[in-house]
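Student: Need the 3D shape of this:
(2 chains)
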Amino acid sequence: MRMSQIFAPTLREVPSEADIPSHQLMLRAGMIRKTVSGVYSYLHLGCRVVRKIEEIVREEMDRQGAQEVLMPAIQSADIWRETGRWDDYGSEMFRLKDRHGREMCLGPTHEEIVTVTVRDEMRSYRQLPKILYQIQTKYRDEIRPRFGVMRSREFIMKDAYSFDRDNEGLDSNYSKMYEAYCRVFSRCGVDYRVVEADAGAIGGSQNHEFMVVSEVGEDALVFCEACGYGANVERAEAARPPESEHDAVKVRTGIRKVSTPGMRTVEEVTSYLQVGPSKLLKTLLYMADGEPVAAVVRGDRDLNEAKLKRALGVRELELASPEVIERVSGAPVGFTGPVGLRERVKIVADWEAVVVEDAVVGANAADAHLAGANYGVDYSADVVADIRNVVAGDACPRCGAALRGARGVEVGHLFKLGTKYTSALGVSYLDEGGVDNLVVMGCYGIGITRTAAAAIEAHHDDDGIIWPMSVAPYQVLVMPLNTQESVQMEVAERIYSELCGYGVEVVIDDRDERPGVKFKDADLIGFPIRVVVGPKHLGDGKVEVSMRRDRSVELVGIEDVAAHVTKMVDRELSVLMPQ
RNA sequence: CGAGGUGUAGCGCAGUUUGGUAGCGCGCUUGGUUCGGGACCAAGAGGCCCCGGGUUCAAAUCCCGGCACCUCGACCA
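Tutor: Residues are numbered from 1 along each chain as shown, chains lettered A, B, ... in the order given. The predicted structure is shown next:
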């Protein structure tokens, strides 16, 4: 490919719409352009990267015996109604009607359609197990698209679905996908971590997320370096606090009302009363499936709504409105507490909150709190459970070592669905004994376009992208410094065509630009290897070969350079290849 | 959906307060000089000032109503 012809309009300045490195660099390097909010065109270089990642994914899926299929983006509402998700999916689903007024959607995911397709053909245990996958465009009308292709409304995903006779089969396929994912992300050159995650609306029992560690990641993670435990904070378990603390015989101060005029926040109350935030219990009122409930956590903790949902066994959870708060507590927002609520509501207390002695709590009266409150004495709870967010420094729930925190970009997710969809849609097979059994499913996703962005987040510097060899849009750039110098051009053209002959993905910068412009674009686009043909060394019959990653430079004879560079490319690729 | 912000040339922005018919830098075109890290000189092209109403002799600027985009939050396989 010739740089003079390539469709990769680079930008000197950072477009104002982008504020994370990967988004800025994808725009500046001419990889993508936005069409509307959350919808992007992939220009030549961006498209190449996406195809590279797809191909790696394809190879690893095939390696595990998965079969590629391709399912439609346009789906009928009917099959979504069968699982009840037509209504549950809400406004995140792009919906449309055909000319006959039939309801359709642009598929946000493919559990329904793949399950129905399999159901129609599924008869015998002899047809199992199977793993089907596709690499296809997904549509989700995200509330707020952001970070370029990191969270976009139209994006490319690899989604795979396994079908098994039983849980043992599912475990086996799950392990295969787990291994495939490890290999995929290793080959893509990104540093990833596998964490336990909340299953969310998709349901199912066990699930793992593959996260690329990055400051701009939208998920908070904790992991334990001692035992290997890792979890998304929305899922991470808090270690149970020792009971003894609560049972210890101590002189209690006794509960009493204290005036806290206008003090609504934890910060205001604790600084006014001169106590630490861990001595205050905050009480949050939620509407859980339409019923108000009170949740109590320590003042220095964040409530975890996913855990609260689980503790209550409810589907819908949202913070109560100020009107409900005033009605239930009998006081304005900011003074709610577990002692003496006006209305009898279910109280869920974090198991760490109930061991706080002589706690400060809201008095359910304006401008007042209660000090010296104790669980079991002054208040009680209907449920005591782990309902707070784990934070870095907490004890690991497995081994007790201190957890470390990080942020991550979710690039892959594995779910054990079990029979959630096959029971809803009636997918069964006959076993050897002629008995009808439900098929057991798993589903497995990789965000292809998001992985591209994550790779850039992980590999860039002030000058541009530093592509791992495996996913670079092109592997090598040959750069004659001055196209007016016929010797330079001849040498560069020769090296270029030799590299093409070796099967290397190479671009020649044949533009009549000054060297500075070419260097800047080369760094920005991030060709892993750059071959500079310039006047300094041409007299000695040599050219400069340098690595984008560490800026190392070596001089190589013109005759040898194509073979040499080809070896470098192969070496870089083999380093990324597991085993 | 709640809160905040921004829409002016391909990109980054000024001009809006105080109305007088649009500018700067980069990029682009042509010619020349240059050529190892975003050159210089000269001459050019390029605008529905987001859209629609209104006020006014006159609107990028003031008023009303939309729309789009960005950020934070809520939300989310």
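Student: which stretches of the stretch 101-250 of chain A form helices?
Tutor: In the stretch 101-250 of chain A, the segments counted as helices under DSSP state H, counting those that start in this stretch are A:111-121, A:167-187, A:244-247.
Student: Tell me which of those lies nearest to residue A:414.
Tutor: Closest approach to residue A:414 among those is made by helix A:167-187 (5.7 Å; C-beta to C-beta). For glycine as for every other residue, the C-beta is placed from the backbone atoms N, C-alpha and C.
Student: For the stretch 1-150 of chain A, what lies in contact range of RNA strand B?
Tutor: Neighbours of RNA strand B within the stretch 1-150 of chain A, by C-beta under 7 Å from any atom of the strand: A:10-17, A:19, A:28, A:34, A:36-38, A:92, A:108-110, A:138, A:142-147.
Student: Tabulate the helices of the stretch 101-250 of chain A in TSV, adding columns for mean neighbour count and mean pLDDT.
Tutor: Converted to TSV, the helices of the stretch 101-250 of chain A look like this (neighbours: other C-beta atoms under 10 Å; pLDDT from 0 to 100):
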stretch	mean neighbour count	mean pLDDT
helix A:111-121	19	94
helix A:167-187	20	97
helix A:244-247	11	51
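Student: Put together JSON lines for these, with distance to residue A:508 on each row.
Tutor: Shown next, in JSON lines, are the helices of the stretch 101-250 of chain A (distance: least, C-beta to C-beta, whole Å):
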{"stretch": "helix A:111-121", "distance to residue A:508": "45"}
{"stretch": "helix A:167-187", "distance to residue A:508": "27"}
{"stretch": "helix A:244-247", "distance to residue A:508": "71"}
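Student: Leaving aside the residues adjacent along the chain, what's closest to the residue nearest to the spatial centre of chain A?
Tutor: For chain A, residue A:410 is the residue whose C-alpha lies nearest the centre (C-alpha atoms, centre = their mean; 1.6 Å). Among residues not flanking residue A:410 along the chain, residue A:209 sits closest, at 5.2 Å (C-beta to C-beta, 6 or more residues apart in numbering).
Student: circling back to that earlier point, hey, what's the residue nearest to the centre of chain A bridged with?
Tutor: The partner list for residue A:410 in beta bridges (DSSP bridges) reads residue A:211.
Student: I am assuming it contacts residue A:219, so please confirm or correct that.
Tutor: Yes: if you go by C-beta atoms under 8 Å, residue A:410 and residue A:219 touch, sitting 5.8 Å apart.
Student: so what sits against both of these two?
Tutor: The contact sets of residue A:410 and residue A:219 overlap at A:209, A:211 (C-beta atoms under 8 Å, 6 or more residues apart in numbering).
Student: The nearest residue to residue A:327 once chain neighbours are set aside: neighbour count?
Tutor: In this structure, residue A:327 finds its nearest non-sequential neighbour in residue A:343, 6.8 Å apart by C-beta to C-beta, 6+ apart. A count of nearby residues for residue A:343, using other C-beta atoms under 10 Å, gives 12.
Student: So residue A:343 sits against residue A:294, correct?
Tutor: No: under the criterion of C-beta under 8 Å, residue A:343 makes no contact with residue A:294, lying 9.7 Å away.
Student: what's the overlap in contacts for these two?
Tutor: Common contacts of residue A:343 and residue A:294, defined by C-beta under 8 Å, 6+ apart, comprise residue A:328.
Student: show me where pLDDT drops low in the stretch 151-300 of chain A?
Tutor: Filtered on pLDDT under 70, the stretch 151-300 of chain A yields the residue ranges A:199-205, A:243-251.
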